[in-house]
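Visitor: show me the folded form of this:
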Amino acid sequence: MPTLATSPAERRALAIALPPLRQDDRSAIESFLDAFWADVGISTQTAAAYRRDLEGLARWRDGREGGIAHADRAALFEHLAWRTRHGWSPRSNARLLSALRAFYADRQRRHGRIDDPTALLEPPKLPRPLPKALGEAQIDALLAAPDTATVEGLRDRTMLELMYACGLRVSELTELPANGVNLRQGALRVTGKGGRTRLVPLGEEAQHWLQRYLADARPVLAGGRPVSGGAHGEAPLFLTARREALTRQRFWTLVKRYAVLAGIPSARISPHALRHSFATHLLNHGADLRALQMLLGHSSLSTTQIYTLVAREQLQRLHATHHPRG
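Guide: Below you'll find the predicted structure:
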């Protein structure tokens, strides 16, 4: 058996080289999956992943000390350590631990097992994915993509401008009520997570497009009649041609379409990328982290601090590209 697997192909070969699955282990795993599906309703993909992980443990143990049903904490820890040495990722091991916890909880509930061997096993620390922010030139191209000669294009340009200028979440944008806008003060009243309300400044450019939308596009979309029935029982600000609030899914589709027109790779774009770009660009231009926390509506500063890593990563790339000794 190889001593080290450094690629997915080598890990698959290592798994194949393990002994065949014993019948008692197979029965224990199938019984658990049937019960877990009945109780929780897991998806086919989750069931397949759990089966694969549990069978991997069972084959690795090969019936020692009563098989997988009777494995103790030391055996599980040893198996996790073995997987780590042979190149399985923290995310894969975290999924295995989830499968193990569910399996041994089922052994306690239905089969009379007294102890839980996963009780003191710590999940591996997963790398925190950095938000994907667009460059400022890409933002300019995206904002310019809608055809503002049409009412839908004017609406879409205004939505993109607000998303970027105010750092809104997608749901905050699509559920924004018409009475949440105060053009005189140049601010939005936004209802975020947990029903928390915050005031967000608009900025001159966003205010310009919002004034145009309210004057030239929304009355046409509303058909000259009052609109009601938004997410919070108030008239929604952004409407479809059917006088309904624009959904998050529809806005996602629009962002993807405008990204194509702007020449932005689809892998880098999502509605939330505009919020990430708002935060990253503010930090790049010297914004205070506490102020950014308030603008984003984060309840914890630690959530906001992830953007300092994005800004630092961009500065490192800039230095490596342009400094003569980079």
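Visitor: and the one helix or strand Arg109 maps to, what's its mean pLDDT?
Guide: When elements are assigned from DSSP states H and E, Arg109 belongs to helix 90-111. For helix 90-111, mean pLDDT rounds to 91.
Visitor: equivalent analysis for stretch 55-68, please.
Guide: Here the mean pLDDT over stretch 55-68 is 89, rounded to a whole number.
Visitor: what is the end-to-end distance of it?
Guide: Across its full length, stretch 55-68 reaches 9 Å between end residues, using C-alpha to C-alpha, to the nearest Å.
Visitor: which residues does that stretch contact?
Guide: 15, 18-22, 24-26, 28-29, 54, 71-72, 75-76, 79, 82, 96, 100, 103 (C-beta atoms under 8 Å, 6 or more residues apart in numbering). Glycine gets a C-beta too; all of them are placed from N, C-alpha and C.
Visitor: any idea of the pLDDT on Ala262?
Guide: As summarised for this prediction, Ala262 has a pLDDT of 91.
Visitor: ok, the nearest residue to it once chain neighbours are set aside - contacts?
Guide: Residue nearest to Ala262 in three dimensions, not counting chain neighbours: Ala141, with 3.8 Å by C-beta to C-beta, 6 or more residues apart in numbering. Shown in contact with Ala141 (C-beta under 8 Å, 6+ apart): 262-264.
Visitor: list just the nearest of those residues to Arg169.
Guide: Ile264 (20.3 Å; C-beta to C-beta).
Visitor: thought the closest one was touching Leu142?
Guide: Yes: when contacts are counted by C-beta atoms under 8 Å, Ile264 is listed as touching Leu142 (6.3 Å).
Visitor: so for these two, which residue has more residues nearby?
Guide: Comparing Ile264 with Leu142 by neighbour count (other C-beta atoms under 10 Å), the higher total belongs to Leu142, at 25 against 21.
Visitor: excluding residues flanking it in the chain, which one is nearest that one?
Guide: Closest residue to Leu142 apart from its sequence neighbours, by C-beta to C-beta, 6+ apart: Ala262 at 4.6 Å.
Visitor: what's the neighbour count on that neighbour?
Guide: For Ala262, the tally of surrounding residues (other C-beta under 10 Å) stands at 18.
Visitor: okay, now the domains of the protein?
Guide: The record assigns the chain these domain ranges, following automatic domain parsing: 8-111, 136-322.
Visitor: could these be laid out in CSV, adding distance to Thr118?
Guide: Formatted as CSV, the domains of the chain follow (distance: least, C-beta to C-beta, whole Å):
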stretch, distance to Thr118
domain 8-111, 5
domain 136-322, 27
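Visitor: lowest mean pLDDT across those, which one is that?
Guide: Ranked by mean pLDDT, the domains of the chain end with domain 136-322 in last place, scoring a mean of 81.
Visitor: overlap in contacts, Ile264 and Leu142.
Guide: Taking C-beta under 8 Å, 6+ apart as the criterion, Ile264 and Leu142 both touch Leu134.
Visitor: before we move on, back to that, any of the contacts of stretch 55-68 buried? List them.
Guide: The neighbour count (16 or more other C-beta atoms under 10 Å) marks 15, 18, 21-22, 25-26, 28-29, 54, 71, 75-76, 79, 96, 100, 103 as buried among the contacts of stretch 55-68.
Visitor: three-state assignment of Leu188?
Guide: Here Leu188 is strand, with the state taken from DSSP: H, G, I helix; E, B strand; the rest coil.
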